[in-house]
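**Student:** Quick one: sequence plus predicted model below, questions after.
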Amino acid sequence: MNNTKYSEKVKEHFLHPHNMGDMKNPDAIGIVGNKICGDVMKIFLKIEKNQENKEYIKDIKFQTMGCAAAISTSSMITDLAKEKALDDALKITNESVAKGLDGLPPIKMHCSNLAASALHKAIDNYNKGLDGNKVYKKEKTSVTCYHSK
């Protein structure tokens, strides 16, 4: 039984992920995982202020350990969030991620939940004033887990 037919966009983001890698001295980081499938996503953010003095995502990177859908959704969330104001980036949903990839198989929708959750967690950590490097060191051994229903 194969319920994982992927769109061409999913395949493209898996084979050639955008914004993948580590980030030196991030302003924020969000780390999430799923205990059931074992996927772990880390989103790193560099935040700056634009001409209107609004904070926005100047740069974004990800590191993901997981399946093709996990890597593809991580790549897509970085494309959707880059250069966005923080309040606009918080509006990015798992549905936005799946739509950006021209859909995901139902069995893989939890990956889009993880991607959106990792971004939102990074922004939340930033808004709480948590230093990205300290969060990264602390959360290397403690991953918040999310489950899709």
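**Tutor:** Everything's here; your move. Numbering: from 1, shown residues only.
**Student:** low-confidence ranges in the protein?
**Tutor:** Counting by pLDDT under 70, the chain has low-confidence residues at 1-4, 131-149.
**Student:** What ranges does it have for its strands?
**Tutor:** Assigned by DSSP state E, the strands in the chain fall at 28-33, 40-49, 55-65, 144-145.
**Student:** The first one: how far from the chain's middle?
**Tutor:** What it means is strand 28-33. 8 Å (Cα atoms, centre = their mean, to the nearest Å).
**Student:** partners of it in the sheet?
**Tutor:** strand 40-49 (antiparallel), strand 144-145 (parallel) (DSSP bridges).
**Student:** among those strands, which is nearest residue 113?
**Tutor:** strand 40-49 (10.3 Å; Cβ to Cβ). The way it works is simple: take the backbone N, C-alpha and C, and place the C-beta from them, glycine included.
**Student:** Please state the offset of that closest one from the chain centre?
**Tutor:** With Cα atoms, centre = their mean as the basis, strand 40-49 stands 8 Å off its chain's centre.
**Student:** Show me the contact partners of that strand.
**Tutor:** 22-23, 26-33, 55-66, 70, 74, 77-78, 86, 114-115, 118-119, 121-123, 126, 132, 136, 143 (Cβ atoms under 8 Å, 6 or more residues apart in numbering).
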